[in-house]
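*Asks:* Predicted model and sequence follow; I will ask about them next.
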Amino acid sequence: MTARRAPGEVRLIGGQWRRSKLPVADRPGLRPTPDRVRETLFNWLGQDLSGWRVLDAFAGSGALGFEAASRGAAAVQLLEADAALVASLQASRLRLGAQAALQVHKADALGWMARAEPASFDLVLLDPPFDSDLAAPALLQAARLAGAGGFVYLETAAAIHDWPAVLRPYRQLKAGAVHAQLFVRADA
């Protein structure tokens, strides 16, 4: 199986920055969430995320986090360990005028999430590199960070069948090589 090359750009599909493009660097393991999957995710969540606090833990191109901010999220935190991708995210943030709603952090996602305040997000977006073993530990941290009734989205190469007890499956889909699962924190 050959690795899929990342497209040169990805287009935001909804909200105030609809049709705006984000650059996608040709980096190992970087594959932005496909348009169809992003559209489905935000249909599941509702189109208006006004006031939501969102964490995009493995930001990459930033497509998920920028999409949330475009749809009204009040505070979006983008975490990315790769310095070149952080610089690209910062440039997109400035170009779109997203400084008020969106913060970019050069950080190891698991370490950052371990230090973050529990129950501090309405939505945690997880799209770790497919060739890594980060999905399970990231899901565990995300369950701690989602507030009661909050959502955790996980995108992986294979569906996850074991998740923290406080999470309940809400929706899922398979599109090509992508398994997308949306959980809700059910200990309200």
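*Replies:* The structure has been received and is ready for your questions. Numbering: from 1, shown residues only.

*Asks:* The longest helix seen in the chain: which residues count as buried?
*Replies:* Criterion DSSP state H: the longest helix present in the chain is helix 83-96. In terms of neighbour count (16 or more other CB atoms under 10 Å), helix 83-96 has its buried residues at 85-86, 88-90, 92-93, 96. (Each C-beta comes from the backbone N, C-alpha and C, glycine too.)

*Asks:* Which other helices and strands does it contact?
*Replies:* Helix 83-96 makes packing contacts with strand 21-23, strand 75-80, strand 102-106 when contacts are defined by 3 or more CB pairs under 8 Å, 6 or more residues apart in numbering; DSSP states H and E.

*Asks:* 6 Å - rerun?
*Replies:* On a contact count with 3 or more CB pairs under 6 Å, 6 or more residues apart in numbering; DSSP states H and E, helix 83-96 meets strand 102-106.

*Asks:* How far does the strand it packs on sit from its chain's centre?
*Replies:* 13 Å (CA atoms, centre = their mean, to the nearest Å).

*Asks:* can you give me the mean pLDDT across that strand?
*Replies:* For strand 102-106, the mean pLDDT works out to 97.

*Asks:* so the most centrally placed residue in the chain, which of the three states?
*Replies:* Among the residues of the chain, the one closest to the centroid is Leu125, at 3.2 Å (CA atoms, centre = their mean). Three-state assignment for Leu125 (DSSP: H, G, I helix; E, B strand; the rest coil): strand.

*Asks:* right, and it touches Asp56 too?
*Replies:* Yes - counting by CB atoms under 6 Å, Asp56 is a contact partner of Leu125 at 4.5 Å.

*Asks:* any common contacting residues for the two?
*Replies:* Residues touching both Leu125 and Asp56 (CB atoms under 6 Å, 6 or more residues apart in numbering) are Leu64.

*Asks:* Could you dump the buried residues of helix 83-96 into CSV and include pLDDT?
*Replies:* Putting those into CSV (pLDDT from 0 to 100) gives the following:
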residue, pLDDT
Leu85, 92
Val86, 95
Ser88, 93
Leu89, 94
Gln90, 96
Ser92, 93
Arg93, 94
Leu96, 93
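
*Asks:* Pick the one among those closest to Gly14.
*Replies:* For Gly14, the nearest member of these is Leu96. The distance, counting by CB to CB, is 13.8 Å.

*Asks:* lowest-confidence helix or strand of this protein?
*Replies:* strand 21-23 (a mean of 77; mean pLDDT, DSSP states H and E).

*Asks:* In this structure, mark out all the helices, start to finish.
*Replies:* Using DSSP H, helices in the chain cover 35-45, 63-70, 83-96, 109-115, 135-145.

*Asks:* between the buried residues of helix 83-96, which is closest to Leu12?
*Replies:* Leu96 (8.8 Å).
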